[in-house]
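**Student:** sequence unknown, structure follows:
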C-alpha cells in the first residue's frame with residue numbers, strides 16, 4: 001500500500017469495545033471508513049463507526065462475511081474465529097496482526113512455549129490437562145506451592161487466574177487445561193508497547209508501571225514514566241522489539257513484564273493490539289497508541305513516541321455492589337482539577353469491576369499527578 005487515498009480505505013475492526021472506539025476516533029481524523037463487527041448493538045464503537053455489522057466474532061460465517069466487506073482487517077480482542085481469518089488471508093485480505101499470532105495468543109500454554117523456544121525470559125512453567133492432574137502432581141511431590149495457575153484459553157482481565165500458596169487451596173483450582181507458573185517475588189509490573197510496520201521499522205513507547213486491583217487483578221493505576229532504572233527500561237524495550245520481530249508483528253504488541261526483587265525482567269503476557277496500558281498516550285505522547293496502530297497496519301511511517309510530560313492513568317471500574325444503568329458521581333468536581341482528561345466508553349450498563357472509562361492526569365511533576373490520581377479515585381464513582 002505505497003500510494004493510496006486514506007478516505008477510500010475500508011478498515012474492519014472485529015469487536016466494538018472501548019479499544020475499537022478509540023481507534024475509530026483516530027481513524028476519523030484521516031477520513032477512513034470504519035466497519036465494526038460485534039454481537040452487541042449497544043457496544044461503545046457502534047455509534048461512531050461508519051458501518052456497524054451485528055455478528056458473532058466466534059462464528060466462522062459472521063467473521064468471514066465481515067472480512068469480505070473491508071480492505072484491511074484488525075481487531076481489539078484475541079478471541080476470534082481464526083479459521084475464518086486464515087481463509088480470508090488465503091484469499092488475499094490484509095489482516096494485521098497475522099492470524100498465526102492470534103492462535104498463539106489464544107493459548108497461554110503456546111505463548112509460554114514460544115517464549116521458551118525463542119529465549120524470551122519468562123517464569124518457569126508446566127502444562128497440565130486438568131485440575132486433577134495438578135493435584136496429583138502436588139501429592140506426588142512433583143509440584144510444590146506456591147504457584148500460579150492460569151487457564152490456557154479464555155481468561156482475561158484477571159479472570160482465569162488462581163494463586164495457590166499452600167496445599168489447602170488445591171480444591172480452589174480452576175477446571176480445564178492450565179499452565180502452572182512459579183510464583184514470582186514481584187517488585188514491579190511494567191508494560192512496554194512496541195509498534196512495527198511492514199518494513200520492519202519499530203518504535204517503543206516509554207515504559208509504564210502498572211498497579212493492579214488486588215481483589216480482581218485488573219489494572220487500577222498506571223504511572224508514566226515507570227519508577228525503574230534506564231538499564232531495566234532499555235532491556236525491557238529490547239525484549240519487546242525482539243518479540244515483535246520473532247512474531248513478525250505488523251501493528252502493536254503490548255508486552256507485560258514482571259520485575260522481580262533481583263531486578264530480573266520476565267515476560268508475563270502479550271497482546272497484539274492497542275492495550276489498557278497505553279490509554280494515556282492519547283494526551284501524553286507525540287503519537288498515541290491508536291494512531292501508531294493505524295500507521296503500522298496501513299504501512300505508513302511510524303510516529304515518534306516521545307512523552308510530553310509525566311502522566312498517571314486510572315481505570316474507572318464499576319463499583320462493587322452496583323448493577324444497572326450507569327451513573328457517574330464526582331464528574332464536575334473531577335474536571336475542576338488541572339490536567340484531568342476523562343474518557344467515558346459509552347457502556348450503558350455497569351457491573352462490578354467492569355471497565356467503564358479511564359482518567360488521565362498530566363502534570364509537569366509525577367508526584368503531583370499521582371497525588372491527583374489518588375484524590376480522583378475517592379471523588380469519581382461508577383454506580384447505578
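**Tutor:** Nice, I can see it. Model, not experiment: these values are computed from the prediction.
**Student:** residue 345 - how many residues pack around it?
**Tutor:** 19 (other C-beta atoms under 10 Å). C-betas here are computed from N, CA, C, even on glycine.
**Student:** so where's this protein shaky on pLDDT?
**Tutor:** 1-4, 157-158 (pLDDT under 70).
**Student:** residue boundaries of the helices in this protein?
**Tutor:** 18-27, 60-67, 82-90, 99-105, 108-117, 131-139, 230-247, 281-284, 289-297, 331-335, 366-379 (DSSP state H).
**Student:** of the ones you listed, flag the one that's most buried.
**Tutor:** helix 289-297 (a mean of 26; mean count of other C-beta atoms under 10 Å).
**Student:** what's it packed up against?
**Tutor:** Under the contact definition 3 or more C-beta pairs under 8 Å, 6 or more residues apart in numbering; DSSP states H and E, helix 289-297 sits against helix 18-27, strand 72-75, strand 186-196, strand 251-260, helix 281-284.
**Student:** which elements pack onto the fourth one?
**Tutor:** Translated: strand 251-260. strand 186-196, helix 230-247, strand 265-271, helix 289-297.
**Student:** quick one: that strand to helix 230-247, angle?
**Tutor:** On the basis of axes from the mean of the first three to the mean of the last three C-alpha atoms, to 10 degrees, strand 251-260 is oriented at 140 degrees to helix 230-247.
**Student:** now do strand 251-260: distance to the chain's middle.
**Tutor:** Averaging C-alpha positions (C-alpha atoms, centre = their mean, to the nearest Å) puts strand 251-260 10 Å from its chain's average.
**Student:** got a markdown table for the helices and strands packed on strand 251-260, with distance to residue 383 too?
**Tutor:** Shown next, in a markdown table, are the helices and strands packed on strand 251-260 (distance: least, C-beta to C-beta, whole Å):
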| stretch | distance to residue 383 |
| --- | --- |
| strand 186-196 | 28 |
| helix 230-247 | 38 |
| strand 265-271 | 29 |
| helix 289-297 | 29 |
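**Student:** just send the helices of the chain back as CSV, with distance to residue 9 too.
**Tutor:** As requested, the helices of the chain are arranged in CSV below (distance: least, C-beta to C-beta, whole Å):
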stretch, distance to residue 9
helix 18-27, 9
helix 60-67, 15
helix 82-90, 17
helix 99-105, 20
helix 108-117, 31
helix 131-139, 47
helix 230-247, 24
helix 281-284, 22
helix 289-297, 10
helix 331-335, 35
helix 366-379, 37
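**Student:** my guess is residue 59 meets residue 81, correct?
**Tutor:** Yes. Here residue 59 lies in contact with residue 81, judged by C-beta atoms under 8 Å, at a distance of 6.3 Å.
**Student:** between these two, which has more neighbouring residues?
**Tutor:** residue 81 (20 against 16).
**Student:** next one: that one from residue 88, what distance?
**Tutor:** To residue 88, residue 81 is 10 Å away according to C-beta to C-beta, to the nearest Å.
**Student:** could you name every residue contacting both of those two?
**Tutor:** Listed as contacting both residue 81 and residue 88 by C-beta atoms under 8 Å, 6 or more residues apart in numbering are residue 63.
**Student:** that older thread, for residue 118, find the nearest of the helices and strands packed on strand 251-260.
**Tutor:** helix 230-247 (5.1 Å; C-beta to C-beta).
**Student:** quick one, the closest one and strand 265-271 angle?
**Tutor:** With the same axes, to 10 degrees defining the directions, helix 230-247 sits at 50 degrees from strand 265-271.
**Student:** what's helix 230-247 packed up against?
**Tutor:** By 3+ C-beta pairs under 8 Å, 6+ apart, helix 230-247 packs against strand 186-196, strand 202-204, strand 251-260, strand 265-271.
**Student:** export these to a markdown table and tack on distance to residue 55?
**Tutor:** As requested, those are arranged in a markdown table below (distance: least, C-beta to C-beta, whole Å):
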| stretch | distance to residue 55 |
| --- | --- |
| strand 186-196 | 29 |
| strand 202-204 | 33 |
| strand 251-260 | 22 |
| strand 265-271 | 23 |
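**Student:** who touches stretch 112-127?
**Tutor:** Here stretch 112-127 makes contact (C-beta under 8 Å, 6+ apart) with 104, 109, 137, 143, 152, 177-182, 184, 239, 242-243, 246, 258, 264-268.
**Student:** can I see the domain layout of this structure?
**Tutor:** 6-95, 124-182, 186-383 (automatic domain parsing).
**Student:** any chance of those in CSV, plus distance to residue 113?
**Tutor:** Listed next are these as CSV, based on distance: least, C-beta to C-beta, whole Å:
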stretch, distance to residue 113
domain 6-95, 17
domain 124-182, 8
domain 186-383, 13
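**Student:** what's around residue 8, how many residues?
**Tutor:** By the criterion of other C-beta under 10 Å, residue 8 has 10 neighbours.
**Student:** contact partners for it?
**Tutor:** Residue 8 touches residue 33, counting by C-beta under 8 Å, 6+ apart.
**Student:** the one 5 residues further on too?
**Tutor:** For residue 13, the contacting residues are 20, 23-24, 34-37, 45, 49, 73-76, taking C-beta under 8 Å, 6+ apart as the criterion.
**Student:** skipping adjacent residues, who's closest to residue 172 in space?
**Tutor:** Closest residue in space to residue 172, ignoring its immediate chain neighbours: residue 162 at 6.3 Å, by C-beta to C-beta, 6 or more residues apart in numbering.
**Student:** quick one: that neighbour and residue 171 touch, right?
**Tutor:** No. The pair residue 162 / residue 171 is not scored as a contact, 10.9 Å apart, by C-beta under 8 Å.
**Student:** I'd like the distance between residue 225 and residue 174.
**Tutor:** Noted for residue 225: a distance of 36 Å to residue 174, by C-beta to C-beta.
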